[in-house]
Structures are given as C-alpha cells and as structure tokens.
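[1] how would this look folded up:
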Amino acid sequence: MSNLPGPQFPLAFLERPVERMYFFVSPQGTVGIFVTIFTFDGKVSVSISSDSTLLDAEEARAISGKLFAEELHVLRQLYVDSRKAD
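    Residues are numbered from 1 along each chain as shown. You can find the predicted model right below:
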C-alpha cells in the first residue's frame with residue numbers, strides 16, 4: 001500500500017480543470033495487489049491494481065469491494081473530519 005499526498009489546490013491541463021487524479025503502480029515481483037491512496041484538491045482517490053495472472057478484473061473487483069469497503073469508509077470519514085477541523 002502507498003499513500004501519496006497530492007496538490008491541495010485546483011489544477012488545469014490544456015486549459016481544462018482537472019477534476020480527479022489517480023495513479024497506479026503495476027505489481028512487481030512478489031506483489032500481487034497494490035493499493036494507492038492519493039489526495040487532490042480536497043478529494044481522496046483509491047486505486048487498486050493486481051497481477052492479472054493471479055486475479056482477473058472481475059475477481060479483483062469482488063475482492064476489493066469486500067475487503068476494502070469498510071476501510072475506505074473509515075478513511076473517508078477521517079478525511080471529512082479533518083477537513084472540518086481546518
């Protein structure tokens with residue numbers, strides 16, 4: 001798992017506002033699933049990538065939904081609470 005704080009202000013690309021930003025890391029070697037958390041302009045994005053020889057896209061979605069749903073809810077609430085404190 002990796003977390004990377006991003007810019008906390010709006011950005012533009014080719015004179016168009018950037019609404020969301022994600023980054024992905026391809027699993028390498030013995031890493032089968034990689035989760036990234038990225039903040040940008042008051043939003044949190046979570047990306048999950050997996051080795052396709054271990055999990056196909058459908059399996060990865062099912063597993064990530066089951067395993068990460070509660071954790072993502074907690075992370076989101078912590079983030080929302082921290083923004084209220086600002």
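[2] So what does the residue of the chain positioned farthest from its centre have for phi and psi?
    Ranking residues of the chain by C-alpha distance from their mean position (CA atoms, centre = their mean) puts Glu15 at the top, at 25.0 Å. Dihedral pair for Glu15: phi 60, psi 20, per degrees, to the nearest 10.
[3] so Leu67, which of the three states?
    helix (DSSP: H, G, I helix; E, B strand; the rest coil).
[4] Please apply the same query to Phe38.
    Going by three-state DSSP: Phe38 is strand.
[5] remind me which residues of the chain are low pLDDT?
    1-4, 86 (pLDDT under 70).
[6] where along it do the helices fall?
    Under the criterion DSSP state H, the chain contains helices at 57-85.
[7] What's the local residue count around Ser50?
    21 (other CB atoms under 10 Å). C-beta coordinates here come from the backbone N, C-alpha and C atoms, glycine included.
[8] Next: the one 3 residues further on.
    The burial count assigned to Thr53 is 8, neighbours taken as other CB under 10 Å.
[9] So which residue is dead centre in the protein?
    Val46 (1.3 Å).
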